[in-house]
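Participant: Structure, please.
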Amino acid sequence: MFMKSRPDRSCTVFVRRGLVCTGLACLLLAHPCFADDWDPPAPNPAKPVNYIEWINKRFGEGIKANAATVYLQCYTNLEPFDSKWNAILTGQPVDDPALSDWLAKNRRALFRFRAAAGMRRCFFRLGFGEELLSPDQREPPSDERMESSLFFIPLPYLSLHRAAVKGLVAQGFQEHRKGRPRRLASNCLAALRSAHHLAARNPWAIQHLVAVACARLAYAGLLSGLASADDPAAMAAEFAPRLSSNDPELPTLVTVIRIEELIAVDQVQRVFVPVPDGAPGEFTSHIGPLRTYLEATGADVDNKLVLTIANQLAALGFEETTKAARTTFDQIGKWCMAPYHRVMGEADALERSLKDQQNLLVRVFSGSITRLRAVDELNRTVRRGTHLVFYLYAHKAKNGEFPEKLDELQMPNLHRLRVDPFSGKDLVYRKTADGFTLYSVGGNQKDDGGKHSTDWKDEGDYVIWPIQEER
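Facilitator: Numbering: from 1, shown residues only. I've put the predicted structure just below:
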């Protein structure tokens, strides 16, 4: 289940409003594929671990000049944009007085955003941006056991961050139409750096999705600016090295899953409580925190559902619930770590197996990891294609023509950037009489001759260049 956004300017996205607990238990705490220093404390229903403090220390350690504090100066001063962004962000020559007025009002805020994007390190600690919340959004969960829960940590800055990225790209297009194309490219590079700030040390699923959305806006702006430049080859020669240095690949979903499972572990330790007068380590389910959690997920909750899950959990116990979750996340972990072109055909079967879980709590917690990965892999495809397009034009600037094959390109990480995540082979490149075509074979893993389809998952190709009217 994916997030539900609130319409007001302090739109509050919660850590777990992205995938309703994609991860549940301790599998990934000791997964051999993860770094040795990933060592969160074991969950304890008798005295729930405060994972908020642990995460803030784990990811925030060693950061002195934190870009998040500068971003906050932008967020707190950013005015809402009441018009529509769609045409503006495609580079269409829209004369929108509302946009010009908005950019004038937010000039200082966008300046602070660019300054933050230029900084080296960034960590949005859990609890960051509380001043952006309205009073009703600061109310604690109804059950006290959930008060320090990872699930209920708001991320109020995400909608403002994305709005600022849209503003940067729109400002760039305005400058481009005034004959200053370099501002568009520079603003898009700043947007890409900000996307990396969101994702690098802050691997929450919903934050990763917002980072991907910001990156996609930046790639679209870069390609549109190149397509409409008076001398695209010269522009590419100037900006291709800057693109390489400012846009490494976003972290993989393996890091995201670490956090997702920890969020879920946190919920499990709060749903179970010690048995009154029971032996040490004897736990049972508690209706109060269970109901609070289920209601927060957006699920259709009634007394029957709560009692059914509570009784099942009481019968299974804390250890057995954890064991059931291990099995589930062994599936998810292996699927996410395998090359996408090899396992994308297994996505539907994986989704069905998650929905068929006998443990009702595991079933509620299991979100659409396959959808998240599809979005993530498409962004990787567009990123790689954008880099290739710039270096193909840079090659023309140096040699007077486009190369016959991708092998002729001189660029960093060509061996990785040329690979189509959907096929495991090269992105399709064809030199043409008036330029070139570059595309991914898309979800059907079949070369359809460069026939672009917005339904790239099932039919047609995903054409990166030349730019398509519908993306």
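Participant: can you tell me which helix in this protein is longest?
Facilitator: In the chain, taking DSSP state H as the definition, the longest helix is helix 303-337.
Participant: downstream neighbour of it in the secondary structure list?
Facilitator: Per DSSP states H and E, helix 303-337 leads on to helix 340-343 as the next helix or strand towards the C-terminus.
Participant: Just the mean pLDDT for that next one, thanks.
Facilitator: Here helix 340-343 scores 93 as its mean pLDDT.
Participant: circling back to that earlier point, for the longest helix of the chain, what is the average pLDDT?
Facilitator: Across helix 303-337, the average pLDDT comes to 81.
Participant: go on, stretch 428-441?
Facilitator: Mean predicted confidence for stretch 428-441 is 95.
Participant: who's in contact with that stretch?
Facilitator: Contact partners of stretch 428-441, identified using CB atoms under 8 Å, 6 or more residues apart in numbering, comprise 381, 385, 388-389, 392, 402-406, 420-423, 427, 447-448, 450, 452, 456, 461-466. Every C-beta, even on glycine, is put in place using the N, C-alpha and C of the backbone.
Participant: gap between stretch 192-209 and the chain center?
Facilitator: On the basis of CA atoms, centre = their mean, to the nearest Å, stretch 192-209 is displaced by 6 Å from the centre of the chain it belongs to.
Participant: and it, C-alpha only, in PDB?
Facilitator: Extracted as PDB, the C-alpha positions of stretch 192-209 are listed here (Å, rounded to 0.1, in the frame of the first residue of the first chain):
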ATOM      1  CA  LEU A 192      19.800  15.400  -8.600                       C
ATOM      2  CA  ARG A 193      22.100  16.200  -5.700                       C
ATOM      3  CA  SER A 194      19.100  16.800  -3.500                       C
ATOM      4  CA  ALA A 195      17.700  13.400  -4.600                       C
ATOM      5  CA  HIS A 196      20.900  11.800  -3.400                       C
ATOM      6  CA  HIS A 197      20.600  13.600  -0.100                       C
ATOM      7  CA  LEU A 198      17.200  12.200   0.400                       C
ATOM      8  CA  ALA A 199      18.200   8.600  -0.400                       C
ATOM      9  CA  ALA A 200      21.800   8.200   0.700                       C
ATOM     10  CA  ARG A 201      21.600   8.200   4.500                       C
ATOM     11  CA  ASN A 202      17.800   8.200   4.700                       C
ATOM     12  CA  PRO A 203      16.700   4.800   3.300                       C
ATOM     13  CA  TRP A 204      13.000   4.900   4.200                       C
ATOM     14  CA  ALA A 205      10.900   3.500   1.400                       C
ATOM     15  CA  ILE A 206       8.700   6.600   1.000                       C
ATOM     16  CA  GLN A 207      11.800   8.800   1.100                       C
ATOM     17  CA  HIS A 208      13.400   6.700  -1.600                       C
ATOM     18  CA  LEU A 209      10.300   7.000  -3.700                       C
END
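Participant: which ones are touching Ala227?
Facilitator: Pro466, Ile467.
Participant: Which parts of the chain are strands?
Facilitator: 13-14, 154-155, 272-274, 283-285, 428-432, 435-440, 462-465 (DSSP state E).
Participant: quick one: Ser224 from Ala234, how far?
Facilitator: Counting by CB to CB, to the nearest Å, the gap from Ser224 to Ala234 is 17 Å.
Participant: the more surrounded of these two?
Facilitator: Ser224 (21 against 14; other CB atoms under 10 Å).
Participant: Distance-wise, check that one relative to His176.
Facilitator: According to CB to CB, Ser224 stands 8 Å off from His176.
Participant: Low-confidence stretches in this protein?
Facilitator: Judged by pLDDT under 70, the chain has its weakly predicted residues at 1-37, 86-88, 90-95, 298-299, 360-367, 455-458, 470-471.
Participant: okay, now the domains of it?
Facilitator: Recorded structural domains for the chain (assignment: automatic domain parsing) are 14-234, 372-465.
Participant: Distance to Gly345 added to those domains, as CSV?
Facilitator: Output for the domains of the chain, formatted as CSV (distance: least, CB to CB, whole Å):
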stretch, distance to Gly345
domain 14-234, 21
domain 372-465, 8
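Participant: Now the nearest residue to Phe59 once chain neighbours are set aside: phi and psi?
Facilitator: Beyond its immediate neighbours in the sequence, the residue positioned closest to Phe59 (CB to CB, 6 or more residues apart in numbering) is Arg201, lying 4.7 Å away. Arg201 has phi and psi values of phi -110, psi 10 when expressed as degrees, to the nearest 10.
Participant: from the contacts of stretch 428-441, which would you call buried?
Facilitator: The neighbour-count criterion (16 or more other CB atoms under 10 Å) marks 381, 385, 388-389, 392, 402-403, 406, 420-423, 427, 448, 450, 452, 456, 461-466 among the contacts of stretch 428-441 as buried.
Participant: Point out the ones among those residues that are inside helices.
Facilitator: Using DSSP H, the buried ones among the contacts of stretch 428-441 in helices are Thr381, Gly385, Leu388, Val389, Leu392.
Participant: Next, the contact list for the closest residue to the second one other than its chain neighbours, please.
Facilitator: Leaving aside its chain neighbours, Gly385 sits nearest to Ile464 (3.4 Å; criterion: CB to CB, 6+ apart). By CB under 8 Å, 6+ apart, the residues touching Ile464 are Leu223, Thr381, Val382, Gly385, Thr386, Leu388, Val389, Leu427, Leu438, Tyr439, Ser440.
Participant: May I see the residues you listed organised as a markdown table, with distance to Asp39 added?
Facilitator: A markdown table is the format used below for the contacts of Ile464 (distance: CB to CB, whole Å):
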| residue | distance to Asp39 |
| --- | --- |
| Leu223 | 42 |
| Thr381 | 34 |
| Val382 | 35 |
| Gly385 | 38 |
| Thr386 | 37 |
| Leu388 | 39 |
| Val389 | 42 |
| Leu427 | 39 |
| Leu438 | 43 |
| Tyr439 | 44 |
| Ser440 | 38 |
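Participant: Could you count how many residues lie near Met119?
Facilitator: 16.
Participant: Please identify the nearest residue in space to it, excluding sequence neighbours.
Facilitator: Computed as CB to CB, 6+ apart, the closest residue to Met119 that is not its neighbour in sequence is Ala67, at 3.8 Å.
Participant: For the one you found, grab the count of nearby residues.
Facilitator: Neighbour tally, Ala67, other CB under 10 Å: 22.
Participant: That one contacts Arg112, doesn't it?
Facilitator: No: in this structure Ala67 lies outside contact range of Arg112 using CB atoms under 8 Å: 10.4 Å.
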